[in-house]
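>>> Give me a model of this one.
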Amino acid sequence: MSKVPGVGIVGGGIWARHHMNAVRDLEADGRGRLVAMCARTQETVDKVTAEWGIAGTRDYRELLARPDVDCVIISTPDHLHREMTIQALEAGKHVLCEKPMDLTLEGCDAMVEAADRTGKLLFLDFHKRFDPVQQKAREMILSGQLGAIQYGYCWMEDKIIVPRDWFAKWADQTTIFWFIGVHQVDMLRWTLGREVVRVRARGWKGKLASIGLDTYDSIHAELEFDGGAVFGVDVNWITPENFPAVVNQGARFVGSEGLLELDTQDRGFAGSWGAAPWQTLNINSAHVYEDCLGRKTHEGYFINPTKEWLRLVEHLMAGGELKALAGKYPDGRDGREATRVALAVHQSLEQGVSVEL
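Purely as a prediction, here's the structure:
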């Protein structure tokens, strides 16, 4: 009988909870086991380990040294991904790494090299690929139903509470394009089956700087793909607090034979109750329901990438070949490409020029 993969998670923040919920769902079916976690502060370690009934440490190297940990989720701030991922791979662990993979091409290359050298799975958490709306759009576009794609645009906009309240300790160490723009880059590459060849970008500062966060309020990028399609990508994290959802998002694709408009925001589900204001509820991202056995089960495109990764780990531990999975999941090379485009966007922002890739 195949061994059940033991999972360790580095990080104890908001997104770590989605990962842990996903693992616990598979654990209920005997297909994974949440073993241990690591966090920067003892307070977080104590809180998470008490709630989830797992081991905890403040030193991620201790987690990597555990023989009962077969695979690791890296759920930490952007600049920590490289070292932790490489050390996890070298410790013989399969890895799920959150985006962006790294803020440099050198870092991405080192991570890809470590995955190739160790023969371990490196899976990037580009969760837009797991949105059914996006999956259907990709199917229609790649099958030629829309003809040749000519242009389009997409947007992802966060409420100001995200940088101001959720990530105030490190929001000014990154930008909104690194934070959510790379999701849209990967979504477009994957949906179109094309690569970015030219970038032009503009950004604005002011609102966040006024509250002590020296980073861009918003960024507009124009991406040209091989084949000629041009897409605008708009991101911000200064959307007002009274906006009816934490994230506002959507996309439009225009081809020679048709067009698609993706309402990835409201999806026809909104309401108000009691004293609560009108709000949109994107349960497609993450929701909980009770299955037929009375177990709480988590679904959505925030959850399903982790489940898919763990199923791949289970497959590999049962004797499956990693090479046979090429192109079937977001890997290190996909992570590198998103970083390559994001670096070009920031170069364009700083120099005011178009950047050829």
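
>>> Every contact and neighbour count from this point should use C-alpha atoms.
Fine.

>>> Ile238 looks like it's in a helix, true?
No. Counting by DSSP: H, G, I helix; E, B strand; the rest coil, Ile238 is not found in a helix; it is strand.

>>> show me where the stretch 101-250 of the chain has helices.
According to DSSP state H, counting those that start in this stretch, the stretch 101-250 of the chain carries its helices in the segments 105-118, 132-142, 161, 176, 182-192.

>>> All the strands of the stretch 101-250 of the chain, in order from the start?
With DSSP state E, counting those that start in this stretch as the criterion, the stretch 101-250 of the chain has strands at 122-124, 149-159, 196-204, 218-225, 230-239, 247-255.

>>> who touches the last one?
Contact with strand 247-255 is made by 146-159, 259-265, as judged by Cα atoms under 8 Å, 6 or more residues apart in numbering.

>>> Now it: buried residues?
Residues 247-249, 251-255 are the ones in strand 247-255 that count as buried (16 or more other Cα atoms under 10 Å).

>>> repeat for stretch 346-357
Within stretch 346-357, the residues that count as buried by 16+ other Cα under 10 Å are 346-349, 354-355.

>>> Now render the helices of the stretch 101-250 of the chain as JSON lines, adding mean pLDDT.
Below are the helices of the stretch 101-250 of the chain laid out as JSON lines (pLDDT from 0 to 100):
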{"stretch": "helix 105-118", "mean pLDDT": "98"}
{"stretch": "helix 132-142", "mean pLDDT": "97"}
{"stretch": "helix 161", "mean pLDDT": "96"}
{"stretch": "helix 176", "mean pLDDT": "96"}
{"stretch": "helix 182-192", "mean pLDDT": "98"}
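
>>> most tightly surrounded among these?
Mean neighbour counts were compared across the helices of the stretch 101-250 of the chain using mean count of other Cα atoms under 10 Å; the top stretch is helix 176, at a mean of 24.

>>> Run through the neighbouring helices and strands of it.
Using 3 or more Cα pairs under 8 Å, 6 or more residues apart in numbering; DSSP states H and E, the elements in contact with helix 176 are strand 230-239.

>>> helices and strands around the strand it packs on, which ones?
Contact partners of strand 230-239 among helices and strands, from 3+ Cα pairs under 8 Å, 6+ apart: strand 149-159, helix 176, strand 218-225.

>>> mind running it again at 6 Å?
strand 149-159, strand 218-225 (3 or more Cα pairs under 6 Å, 6 or more residues apart in numbering; DSSP states H and E).

>>> Name every strand pairing with the shortest one and say which way it goes.
So the one you mean is strand 218-225. Sheet neighbours of strand 218-225, with direction, are listed as strand 196-204 (antiparallel), strand 230-239 (antiparallel) (DSSP bridges).

>>> Tell me which residue lies farthest from the centre of the protein.
What lies farthest from the middle of the chain is Gly274; by Cα atoms, centre = their mean that is 33.6 Å.

>>> And that residue, how close does it get to His287?
Counting by Cα to Cα, to the nearest Å, the gap from Gly274 to His287 is 21 Å.
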